[in-house]
Structure formats: structure tokens, C-alpha cells
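[1] Sharing a sequence plus its predicted fold:
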Amino acid sequence: QTAAAVDDSIYQAWGGKPGIQAVMEDFVPRLQADAHIGAFFKSADREHLIGQLTEQLCQESGGPCQYRGARMGPVHAPLNISLSDFNALVEVLQQSMDAKGIPFAAQNAMLARLAPMHRDIVTQR
Ligand code: HEM
């Protein structure tokens, strides 16, 4: 009798933690250079953000990680983020996933894990 295992298929399809980190290393500079939402990230600590996002996506994809950073609501609420800002971030993430060769199904599976977070992140009505 084995214990029920966490489904880590998304984590595996991304190439594990090194694969996730490679996408985040592409993603954060792209965000900072983005014409629409780059300004939000101008003063962000690039290496810190890459590290936090890597832990978070590792956990969300079923990998052996525990995100210990700030909760999504408190960190984003003061930024007054709109749904269009959120969608712009998803587009940049899609560019990074393509650039790093993440299979399409694994891209969509990760996006499905992240999408519900808009409830905590988007506060501009
Ligand atoms: C699913 C979408 C998103 C996820 C998973 C996410 C995740 C995160 C995480 C993990 C952090 C780091 C928290 C910490 O330092 O402990 C963070 C910070 C931040 N996020 Fe997001 N976020 C998302 C959407 C957005 C959007 C749409 C914007 C703005 C357009 C945004 C702007 C920021 C900014 C400015 C910071 C602070 C960076 C810094 O100064 O260190 N985020 N986010």
C-alpha cells in the first residue's frame, strides 16, 4: 500500500525546477522591459522575484517546493492592477514559455493553475 502521491506531471513536463527557473529567468527581464506593464516592475529586485516565482510555480505544478513568499493579495493590492494588466502579464509569460520550449499542453496546464489567482491580484474595478 503506497501513500497517494502528488501529481507532478506539470512539474515534470516543465523540466523540473531547473526548467521552471529557466523560464523565470527569461520572464522577469521581459516583464521589466514590457511596454504595457514594465513600469510596475521597474524597482523590483530581479533575482528575488525570479527566486520567488520559481518556488511558487514549482509548488503549483506539483513539484517538491514550498512557496514561502508574500501572499498574493497583500503584495499586489497596493498596485491597483487591472484585468488588462493581468492579461498582459500572461502574454509575456506565454512568450517566455515559447522561448524556452515548454510544450503547449504544459503551458496551458500551468496557466490553469495560475488563472484563479486573478481574484487576489486584480483589484482595479
Ligand atoms: C498569476 C499572476 C501572478 C503571479 C503568480 C504573481 C506572483 C508574484 C510573486 C510570487 C511575487 C513575489 C512576492 C514576494 O516577494 O514574496 C510577486 C511580486 C510582485 N508582483 Fe506579481 N504575480 C502575478 C501577477 C502580477 C501582475 C499582473 C502584476 C502587475 C502588472 C504584478 C506585479 C508585481 C510586483 C510589482 C511585485 C513586487 C516585485 C518586487 O518589488 O519585488 N504581479 N508577484
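    Received it, and whenever you're ready, just let me know what you need. Please read all numbers here as calculations on a predicted model, not as lab measurements.
[2] what's the offset of the helix or strand where A106 lies from the middle of its chain?
    Per DSSP states H and E, A106 falls inside helix 104-114. Centroid separation between helix 104-114 and its chain, computed with CA atoms, centre = their mean, to the nearest Å, is 10 Å.
[3] same deal with stretch 19-27?
    Taking the mean of its C-alpha atoms, stretch 19-27 sits 9 Å from the chain's own mean (CA atoms, centre = their mean).
[4] ok, the residue of the chain found nearest the ligand - contacts?
    Residue nearest to the ligand within the chain: G69 (2.7 Å; CB to the nearest ligand atom). Using the backbone N, CA and C atoms, a C-beta is placed for each residue, glycine as well. By CB atoms under 8 Å, 6 or more residues apart in numbering, the contact set of G69 is Q52, E55, Q56, V75.
[5] secondary structure element for the closest residue to the first one other than its chain neighbours?
    Distance criterion CB to CB, 6 or more residues apart in numbering; nearest residue to Q52, sequence neighbours excluded, is G69 at 4.3 Å. Here G69 sits in a region with no helix or strand, counting by DSSP H and E.
[6] Any figure for the gap between G69 and L111?
    Using CB to CB, to the nearest Å, one obtains 20 Å as the distance from G69 to L111.
[7] my read: H118 touches S84, true?
    No. Look at H118 against S84 with CB atoms under 8 Å: they stay out of range, at 11.4 Å.
[8] Compare the two and say which is more crowded by neighbours.
    Each of H118 and S84 has its neighbours counted (other CB atoms under 10 Å); H118 has more, 16 against 11.
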